[in-house]
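> Here is the input, now give the coordinates:
(one chain, ligands or ions: 2)
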Amino acid sequence: MRLNGLITKAPNYIDLISDDRLLAVMDHFLAPNCGQYRLNSSEIIEIHGGETAQEIHWDDVIWPAHFWAPDKLLQFNVMVAATDFTESNGATQVVPGSHTWDHESRTAKPEEITQATMKAGSAVFIPGKTLHGGGTNTDGTQRRAIVASYVLGWLRTQENHFLHNTIEQARAWPERVRQLLGYDLYAHYDENIQGGPLGYYEYGSPSALFEADA
Ligand SMILES: O=C(O)CCC(=O)C(=O)O
Ligand SMILES: [Fe+2]
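Numbers count the residues shown, from 1 in each chain. Ligands and ions are numbered 1, 2, ... in the order given. You can find the predicted model right below:
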């Protein structure tokens, strides 16, 4: 069972996506490739009794940019355990170290696959080039994950956040949350990255919509 659009369906999701500890990880891994990253998708993923394992995959593959720049990280996924994650209820399977592999020529051997078993409230961080996938649920205990995925600011987000909320709802969010949800102008120019302007509104930053009546 999957649910997205969490920013409006579960308003305290805002606290998760703007948690300083999470953003420090994204600052380290994503910001060097973009300057400004965004929320890619918001999701609750439940795995129920009898569900079989998801195919092992890496998430960066959904953007063609992965094939042009295979060494550049595009996306970073954080999965927070809302229930305990156990070997038998579908804890995420992960292949540590696989972010360095050439995925065209190497697949994971069974002994290379581990499981992110953890207590509710813990989290597993899965960079977009690391092989992983939901596990098999053999014991009927529901496994629930709350997912926050972030992506380079110059790529299209997997989830179309704008369709989940009105501008009025966005007005109530902290500025940083609005930026993460795409109400900003992507424009970044330094010695490593020259990109933008992207996503303008009336040739400027959509953030002007919120400044007008500040
Ligand atoms: O549910 C999980 O443990 C992993 C889900 C996942 O990797 C995905 O949907 O891309
Ligand atoms: Fe995935």
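
> got the CA coordinates for stretch 100-118 in PDB?
C-alpha atoms of stretch 100-118 as PDB (Å, rounded to 0.1, in the frame of the first residue of the first chain):
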ATOM      1  CA  THR A 100      30.300   2.200  -7.000                       C
ATOM      2  CA  TRP A 101      29.200  -0.600  -9.300                       C
ATOM      3  CA  ASP A 102      28.700  -0.500 -13.100                       C
ATOM      4  CA  HIS A 103      25.000  -1.500 -12.900                       C
ATOM      5  CA  GLU A 104      25.100  -2.600 -16.500                       C
ATOM      6  CA  SER A 105      27.600  -5.300 -15.800                       C
ATOM      7  CA  ARG A 106      27.100  -6.300 -12.200                       C
ATOM      8  CA  THR A 107      24.100  -7.500 -10.300                       C
ATOM      9  CA  ALA A 108      23.900  -8.400  -6.600                       C
ATOM     10  CA  LYS A 109      24.700 -11.900  -5.400                       C
ATOM     11  CA  PRO A 110      22.400 -13.200  -2.600                       C
ATOM     12  CA  GLU A 111      25.300 -13.000  -0.100                       C
ATOM     13  CA  GLU A 112      25.800  -9.300  -1.000                       C
ATOM     14  CA  ILE A 113      22.200  -8.300   0.000                       C
ATOM     15  CA  THR A 114      21.600  -7.200   3.600                       C
ATOM     16  CA  GLN A 115      18.400  -6.000   5.300                       C
ATOM     17  CA  ALA A 116      17.800  -2.700   7.000                       C
ATOM     18  CA  THR A 117      16.300  -4.200  10.200                       C
ATOM     19  CA  MET A 118      15.700  -1.500  12.700                       C
END
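
> and the longest helix along the chain, what does it pack onto?
As far as residue count goes, and with DSSP state H defining each element, the longest helix of the chain is helix 20-29. Judged by 3 or more Cβ pairs under 8 Å, 6 or more residues apart in numbering; DSSP states H and E, the packing partners of helix 20-29 are strand 75-81. In this view, the C-beta of every residue, glycine as well, is placed from N, C-alpha and C.

> and the residue nearest the centre of the chain, what element?
With distances taken as Cα atoms, centre = their mean, the chain has residue 149 as the residue nearest its mean C-alpha position (0.8 Å). Using DSSP states H and E, residue 149 maps to strand 143-152.

> All good on my end, thank you.
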